[in-house]
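K.L.:
Next come a sequence and a model predicted from it.
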Amino acid sequence: MRARQLLAVAVLTVLLAGCSEDPGPEPRASDVATVARDQVKDGGTLRWAVEAVPATLNVFQPEATADSELLTEALLPHLFRWDDHARPTADPDYLAAAESTPAGQRPQTVTYRLNPKAVWTDGTPITAADFIAQWHALGEAADPAYRTDRPAGYAAIAAVTQGADAREVKVAFKQSYAGWRTLFSPLYPAAASATPAAFNQPLTNAPSAGPFTVKTYDRAGGKATVVRNPRWWGDPAKAEAIDFLATPAAKRLDALDQGTLDIAALTDAVDHATPAAQTNAAPPDAAAVAEASAQALRRAEALPGLKLHRAVAPAFAQLTLNGTRGPLADPAVRRAVARAVDRQRVAEAAVNPLGLTPVPLGHHLLMAGQDGYQDNSSAAGGASAAELLDQAGWHPGGAARTKDGKELALGLLIPEGSAGARRAADALTAGLAEAGITLRPQAVPAESFLTDHLATGEYDLALFSWPAGQDATGAAARYGKPRPGPDGLPVIGRNYARTGSEEIDQLLAQADAELDPAARRALLQEADARIWQVAHSVPLYQRPDLVAVRTEVANAGAFGFATPRFQDLGLRRG
């Protein structure tokens, strides 16, 4: 087994020799109105737009949303802070120290030394008991009555125990886990995880342990107010309160214009702007969607007393190829499609109109600016799309290549009403037409995109976005080879392309377990090369993040991968 693993690595290293080791230009990683704490007033209330007041603040429940994550940043312990390049630093508000056994030493054990001042708002100290309860709820051996999707990493843990005292936590792993810094963030009080009944109930009023605590939580009224935590031991929060106000994307520009919001993400408001003449009878045409989006962006840029912050989001757009459908079941055709995609052209079409410099992605596992990023697209080989299609028996004809009397025409699934997706689809359509491949874009409502198409395999190509994690652990859910389930049918997880290989699975597993950063980066490059070679998908660009912030507000904006420091948010002095 060991010899076979080394052989796979050696072969891939040769293949990667032709890959670009120059990461190229980096997108704007963050754009925040940074102000020193002594230049921020004490007091005042900030008004922050959310899509809806979330049903729960337990981010591990199925009902959790991105807004759940946002609120927990202000309310609950996160053991590490991440910068805008996704590099972690232990947060001293919660950790006096955090150490893992070195690479190569088995088993891996992580020792956390908790800040002795850290307490929940009910006065209970944060201790090993909170970690133990959370692992019991989320780990591999957890009672199935806990309603959760078993987040990555917890299954690798063998035991969580108290160390020398209640403020020391020992986490022993069954197999080494490179992403250990992502675990126990957020951390919940032991009582919230102690039983399935406690864990499964909507969480809105449990003790918090951040710079803020919940004052009111009104889902029906669309308002959650957090206020300074009187038991907070760190730098005191500058703002007296933050109102999280339910404001759907379509209403945010009006709310900003009327002065009822201070901070609002506007990416969806711009991208999904509704044409003025739209009726419910039929979806608007592409030109109307594009014009509505352009008008919304101009309005966002001109709002008085506000600045539009622009950066790339921790999310990326990609083209997924369904490897079980029609011509795409042939790996040569998939490789031809991937080869025919002009990523620069697509990125420019999608991103340029929003005022950001487009940077096409060349990696499935890492974003530009993250440690180890490089463009590995050349690992797919040097053959042109035309050569690959000739080899597969698809010959030039009229507008499209043909085989056995059939044209090479593929459906392209895109989200309905998205101007950016439409621009990207147009660029893809034009580019693939040059290779003799006809695309037929189909706009699909968001609510059926996953359930009726991706999950069922009823599509050829799909253009959509994935969130980008702070590290690449857990990538097997998207790229792992589907395995037969109890009924004999393949279990795809989140691998909607339905393609993969034993080599990819092995390399991703090795990377997840590799604690040496340099060795782990090498494994990720090798895994990414294999993903390019099976033509699973084509990474295109990082999604833009547009955030409007009132000019007197400090330390808010488009954060990218960075962790907001909620205690520093507030109103500028003077």
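P.N.:
Good, I have the coordinates.
K.L.:
quick one: the strands in the stretch 251-400 of the chain?
P.N.:
Taking DSSP state E, counting those that start in this stretch as the criterion, the stretch 251-400 of the chain carries its strands at 263-265, 306-321.
K.L.:
nope, the stretch 1-150 of the chain is what I was after
P.N.:
Counting by DSSP E, counting those that start in this stretch, the stretch 1-150 of the chain has strands at residues 31-32, 45-50, 80-82, 88-90, 95-100, 109-114.
K.L.:
pretty sure residue 465 belongs to a strand, no?
P.N.:
Yes: looking at residue 465 with DSSP: H, G, I helix; E, B strand; the rest coil, it is inside a strand.
K.L.:
Could you shift the numbering so residue one becomes 28, and keep it that way?
P.N.:
Taking 28 as the first residue, the last one we looked at is residue 492.
K.L.:
who's it bridged to?
P.N.:
For residue 492, the beta-bridge partners under DSSP bridges are residue 344.
K.L.:
That one contacts residue 570, doesn't it?
P.N.:
Yes: the criterion here is C-beta atoms under 8 Å, and residue 492 meets it with residue 570 at 5.5 Å. Placement of C-beta: from N, CA and C, glycine included.
K.L.:
hang on, the earlier thing: the strands of the stretch 28-177 of the chain: which one's closest to residue 247?
P.N.:
When the strands of the stretch 28-177 of the chain are compared by C-beta to C-beta, strand 72-77 sits nearest residue 247, at 14.5 Å.
K.L.:
Report the mean per-residue pLDDT for that closest one.
P.N.:
The pLDDT scores in strand 72-77 average 98.
K.L.:
which regions of this protein sit below the pLDDT cut-off?
P.N.:
Filtered on pLDDT under 70, the chain yields the residue ranges 28-52, 304-311.
K.L.:
From the centroid of it, which residue is nearest?
P.N.:
Residue closest to the mean C-alpha point of the chain, counted by C-alpha atoms, centre = their mean, is residue 494 at 1.8 Å.
K.L.:
Quick check: closest non-adjacent residue to it.
P.N.:
The shortest distance from residue 494 to any non-neighbouring residue, by C-beta to C-beta, 6 or more residues apart in numbering, is to residue 342 (5.1 Å).
K.L.:
The stretch 428-577 of the chain: helices as residue ranges?
P.N.:
Along the stretch 428-577 of the chain, the stretches classed as helices by DSSP state H, counting those that start in this stretch are 446-460, 473-476, 503-506, 529-540, 544-560.
K.L.:
Export those to TSV and append columns for distance to residue 225.
P.N.:
Shown next, in TSV, are these (distance: least, C-beta to C-beta, whole Å):
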stretch	distance to residue 225
helix 446-460	41
helix 473-476	31
helix 503-506	27
helix 529-540	30
helix 544-560	37
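K.L.:
just so I know, which of those lies nearest residue 241?
P.N.:
Among the helices of the stretch 428-577 of the chain, helix 473-476 sits nearest to residue 241 (C-beta to C-beta), with 29.6 Å.
K.L.:
roughly how far is that closest one from the heart of the chain?
P.N.:
Helix 473-476 sits 18 Å away from the centroid of its parent chain (C-alpha atoms, centre = their mean, to the nearest Å).
K.L.:
now stretch 186-193
P.N.:
Relative to the centre of its chain, stretch 186-193 is centred 32 Å away, using C-alpha atoms, centre = their mean.
K.L.:
same deal with stretch 368-383?
P.N.:
Going by C-alpha atoms, centre = their mean, the spacing between the C-alpha centre of stretch 368-383 and its chain's C-alpha centre is 20 Å.
K.L.:
buried stuff in it?
P.N.:
Buried residues in stretch 368-383, counted by 16 or more other C-beta atoms under 10 Å: 368-370, 372-378, 380-381, 383.
K.L.:
what's the closest of the residues you listed to residue 416?
P.N.:
Closest to residue 416, out of all of the buried residues of stretch 368-383 and judged by C-beta to C-beta, is residue 368, at 13.9 Å.
K.L.:
Is the closest one in contact with residue 347, as I believe?
P.N.:
No: with contact defined as C-beta under 8 Å, residue 368 and residue 347 do not form a contacting pair (11.9 Å).
K.L.:
and residue 191, how many neighbours?
P.N.:
If you count neighbours by other C-beta atoms under 10 Å, residue 191 ends up with 9.
K.L.:
in a strand, that's where it is, yeah?
P.N.:
No: under three-state DSSP, residue 191 falls outside any strand and is assigned coil.
K.L.:
gap between it and residue 197?
P.N.:
With distances taken as C-beta to C-beta, to the nearest Å, residue 191 is found 9 Å from residue 197.
K.L.:
Residue 59 now?
P.N.:
36 Å.
K.L.:
before we move on, what about residue 559?
P.N.:
40 Å.
K.L.:
and if you look at residue 539?
P.N.:
Applying C-beta to C-beta, the value for residue 539 to residue 197 is 21 Å.
K.L.:
Among the two, which residue is more densely surrounded?
P.N.:
Taking neighbours as other C-beta under 10 Å, residue 539 and residue 197 compare with residue 539 leading, 24 against 16.
K.L.:
what's the nearest residue to that one if we skip its chain neighbours?
P.N.:
Once flanking residues are discounted, residue 539 sits nearest to residue 500: 5.0 Å by C-beta to C-beta, 6+ apart.
K.L.:
Please look at the one you found and residue 209 and confirm they touch.
P.N.:
Yes: counting by C-beta under 8 Å, residue 209 is a contact partner of residue 500 at 7.0 Å.
K.L.:
Test my guess that residue 426 contacts residue 466.
P.N.:
No: if you go by C-beta under 8 Å, residue 426 and residue 466 don't touch, sitting 11.4 Å apart.
K.L.:
neighbour count winner among the two?
P.N.:
When neighbours are counted by other C-beta under 10 Å, residue 426 and residue 466 differ, and residue 466 comes out ahead with 21 against 10.
K.L.:
List the residues that contact that one.
P.N.:
436-439, 452, 455-456, 459-460, 488 (C-beta atoms under 8 Å, 6 or more residues apart in numbering).
K.L.:
now the residues you listed as TSV including neighbour count and distance to residue 276?
P.N.:
Shown next, in TSV, are these (neighbours: other C-beta atoms under 10 Å; distance: C-beta to C-beta, whole Å):
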residue	neighbour count	distance to residue 276
436	16	34
437	22	31
438	18	27
439	22	24
452	26	21
455	28	25
456	15	27
459	23	31
460	14	33
488	29	26
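K.L.:
Among those residues, which one lies nearest to residue 218?
P.N.:
Among the contacts of residue 466, and counting by C-beta to C-beta, the member closest to residue 218 is residue 488, at 47.7 Å.
K.L.:
Find the nearest non-adjacent residue to the closest one, please.
P.N.:
Nearest residue to residue 488, sequence neighbours excluded (C-beta to C-beta, 6+ apart): residue 439, at 4.7 Å.
K.L.:
correct me, but that neighbour touches residue 480?
P.N.:
No: the criterion here is C-beta under 8 Å, and residue 439 misses it with residue 480 at 11.4 Å.
K.L.:
Let me know which of the helices of the stretch 428-577 of the chain is the nearest to residue 255.
P.N.:
When the helices of the stretch 428-577 of the chain are compared by C-beta to C-beta, helix 473-476 sits nearest residue 255, at 37.2 Å.
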